[in-house]
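*Asks:* Have a look; sequence and predicted model below, questions after that.
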Amino acid sequence: MQKFINKSANMSDYQGYDALAATVRLKDITSSEGNRAILHRMKNNDPALEYLYISSPDNINPDEPNQYVLREGDHLGWLGYFIGENFTLTEMYVHHVPADIGQAREMFKGFERNKTITSVDIDTTVLNEGLSAMNMPHVKSIGFDCQLERDAAHCFALGLRQCKSLKSYFGMLTVEILTVLSTLPMVKNIIAHVNEAGNNTLGREGGVALEQLLRKNKLNHLDLDARFIGDEGLEVMAAGLVHNKSLTECCLSDNNISGEGVKALAVALVDNRSIRALNLGRNNIGDDGLKALASSLTHNQGLCVLNISDNNIGDEGLEALANSLASNRKLRGLHLCNNNIGDTGLLAMTVSLAQNRALRVISLSGNTAITEIGLIAMARALQSRKCKLEDLRLDRINIGDGGKVLARALSINKSLVSLSLTCGGGMVSISDDGLIALTAGLSHNCTLRELDLSENTAITAIGLSHLRQYLWAPSCALESLSIYCINFGDKGAFALVDALSRNKSLKELLFGGVRSVGITAAGWEAFSKLLCDSSSANNMYLSNHTLQTICHSWLWRDNITPWLKANGDSQSQSTAAKYKILKCLSDLNMMPFFQWDLKFLPLVKSWFQTVTFCPDMESSDEWIKLATSLRSRGRELSAIYKFVRGMPVLVADNYKQYLMQQLRSIRAMKSKLQEEIQGLEERERRLMEV
């Protein structure tokens, strides 16, 4: 056997492997007990072996059960053979490729024969010509999270040519890799991962490869973030985009594109109906580039989301875009963050918003030139019945007294679902006065689901205390409130607890972050009492059963975690209330129910039955333990016994009445039977006389 192992260097001789597979000793072809176990599981098609890590001794994960560590003494021909014969593996993670091309070819031969592996992820610091032996004709998805030198990139490209069924590629892109991908007819998704200069720079040559790719392939998703394609490369690529009818998502962010390059793209977009999302963020298209895009959007009827953040765009460019939106009825998301937009440009946009029924998301974050004048215009647009905006982001913009203006608009608006007013960098977006005004307007709002006030360090416990007006309002529909990086301390915690004491909608209260929130044990105890006031069953029933998340999970305290989990596991507030009552009270107090006399006993039995059988909690381990505990301890019988024991006279009187009623019933039945007997006797006498 050892002789065969040492001399065999050609994995194509499968007859030899087949003949020896039943008798080969795994210890003779592996270097460790762990590797032997992996081969044994592969040989027997262990259903739990759905994925496999191939690692080096320098990259061992001790907690990973499905790991094969390549060392001296491991026969790669047999490893490839068992991979090829296995039919439970679907994913492979290759963290080590043998340097010797012959050994690598033997290992990858198994990938070639295997028909169940559909996904392969290669992430290794040892990259060599062994990659050229990569032959995976059945694999549909390849991830390559490596930064390659030129020679290694060439070897990988050679191996990639043989992956004829490939549909999705995630990883580094070079001109050669793009050229190879254009020859694979089934490729649908290309997403660049590694973001480093050098080999990732595509330029004009990359544009040529992309032009061919867009012409030949039915590509759906193309992400070229930070590939530095430049104006020349984009001009060539745009020529292929004119003929492409399949691409739906295209990301060209951070690609050193100016207004000149965008003009060619704009021409391609005029008649394009397939692209739904276009990301041009972190370039330098300026006003001239946006004017060209705006002109194409007048005719384009396919684009739904446009990201042109960080592009040195001013009021002039935004005015042109606003004019084009008057005739565009498809664009639903517009991201304009971190540009040079001021009140003039925003005024033009709000005029369009008041008439546009399609736009749902607009982000103006970081446009610090916007003042109260622009906010007044935005508020006016929000009050229009034709405005259907659902998501508005005004982060890092000084709201100031504009909070009062927005408040009036939000009291009328019926479309907005998400509002973001975060701050940062030492700026002031909204303070206590602005928050007080905002909550007054929101108290009449019934549509807002998400509100983000994070990093507004000018907000204190005073401002948070006024959230009560909003959160107590019957119309409040808020589900998520974010106040990250605000040091509100215990006073703020008490204010939030008070505001949430009567709220039935909020599910997430998010705070914490890089700055301490200043909450002590007293503040956390207040949150615990909010979720479960264990002083009585009635107070537990009136506790908050809606909140599922408070702050970051790593800030959670043990005294609130189980109650948050109970709220999350329950599909109704009543179920959460029952769980908390039975979790906290080992013995139920029956005194408050004596006023209902014995009419309450059937309710006790019915309530316990609903507690021990709750379909919406049947998958919760905690609930299963609690229900089992209820049945084993007989707490239902205990509660009934306490009720009866507390009212002995009433129970005795009721029992006497019950016996008297039974006696009267028996006597009535006896009288009825006697009458029937007399009737039968009279009938018998008459028959005898005849």
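*Replies:* Thanks, I have the structure now.

*Asks:* helices or strands up against the helix or strand containing residue 411?
*Replies:* When elements are assigned from DSSP states H and E, residue 411 belongs to helix 402-412. If contacts are counted by 3 or more CB pairs under 8 Å, 6 or more residues apart in numbering; DSSP states H and E, helix 402-412 sits against helix 372-382, helix 432-442. (Each C-beta comes from the backbone N, C-alpha and C, glycine too.)

*Asks:* what about that helix, distance to the chain center?
*Replies:* Distance of helix 402-412 from its chain centroid, counting by CA atoms, centre = their mean, to the nearest Å, is 31 Å.

*Asks:* Next secondary structure element downstream of it?
*Replies:* strand 418-420.

*Asks:* Can you list the strands that that following strand pairs with?
*Replies:* Paired neighbours of strand 418-420 in the sheet (DSSP bridges): strand 391-393 (parallel), strand 450-452 (parallel).

*Asks:* Now tabulate the helices and strands packed on helix 402-412 in a markdown table and tack on mean neighbour count, distance to residue 66 and mean pLDDT.
*Replies:* Shown next, in a markdown table, are these (neighbours: other CB atoms under 10 Å; distance: least, CB to CB, whole Å; pLDDT from 0 to 100):
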| stretch | mean neighbour count | distance to residue 66 | mean pLDDT |
| --- | --- | --- | --- |
| helix 372-382 | 21 | 54 | 91 |
| helix 432-442 | 22 | 51 | 91 |
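
*Asks:* and the longest helix along the chain, what's its mean pLDDT?
*Replies:* Criterion DSSP state H: the longest helix present in the chain is helix 648-689. What helix 648-689 shows for mean pLDDT is 74.

*Asks:* Check the offset of that helix from the chain's centre.
*Replies:* 72 Å.

*Asks:* list the helices and strands it packs on?
*Replies:* Using 3+ CB pairs under 8 Å, 6+ apart, no helix or strand is in contact with helix 648-689.

*Asks:* show me where the stretch 1-150 of the chain has strands.
*Replies:* Remark: strands assigned in the stretch 1-150 of the chain by DSSP state E, counting those that start in this stretch are 51-55, 67-69, 91-94, 119-122, 141-144.

*Asks:* again with the stretch 401-550 of the chain
*Replies:* Secondary structure of the stretch 401-550 of the chain (DSSP E, counting those that start in this stretch): strands at 418-420, 450-452, 480-482, 508-510, 549-550.

*Asks:* burial measure for residue 115, as a count.
*Replies:* Residue 115 has 10 neighbouring residues, counting by other CB atoms under 10 Å.

*Asks:* before we move on, back to that, okay, the strands paired with strand 418-420, which one's buried deepest?
*Replies:* Mean neighbour count (mean count of other CB atoms under 10 Å) peaks for strand 391-393 among the strands paired with strand 418-420, with a mean of 21.

*Asks:* so how far is the first residue of stretch 455-469 from its last?
*Replies:* Across stretch 455-469, the terminal residues are separated by 22 Å (CA to CA, to the nearest Å).

*Asks:* I meant to write stretch 262-279 there.
*Replies:* OK, stretch 262-279 end separation, CA to CA: 12 Å.

*Asks:* Check what contacts it and list those residues.
*Replies:* With CB atoms under 8 Å, 6 or more residues apart in numbering as the test, stretch 262-279 has contacts from 225, 234-235, 238-239, 241-242, 244-253, 280, 283, 285, 288-289, 292-293, 295-297, 299-307, 333.

*Asks:* Mind checking which of these land in strands?
*Replies:* 249-251, 305-307, 333 (DSSP state E).

*Asks:* of the residues you listed, closest to residue 529?
*Replies:* The closest of the ones in strands among the contacts of stretch 262-279 to residue 529 turns out to be residue 333 (CB to CB; 41.9 Å).

*Asks:* Wait, the closest one touches residue 304, no?
*Replies:* Yes: counting by CB atoms under 8 Å, residue 333 touches residue 304, with 6.6 Å between them.

*Asks:* residue ranges with poor pLDDT in the stretch 301-450 of the chain?
*Replies:* Counting by pLDDT under 70, the stretch 301-450 of the chain contains low-confidence ranges at 401-402, 425-428.

*Asks:* go on, the stretch 1-150 of the chain?
*Replies:* Across the stretch 1-150 of the chain, the ranges flagged by pLDDT under 70 are 1-15, 99, 124-131, 133, 147-150.

*Asks:* repeat that for 80
*Replies:* 1-16, 97-106, 109-110, 123-135, 145-150 (pLDDT under 80).
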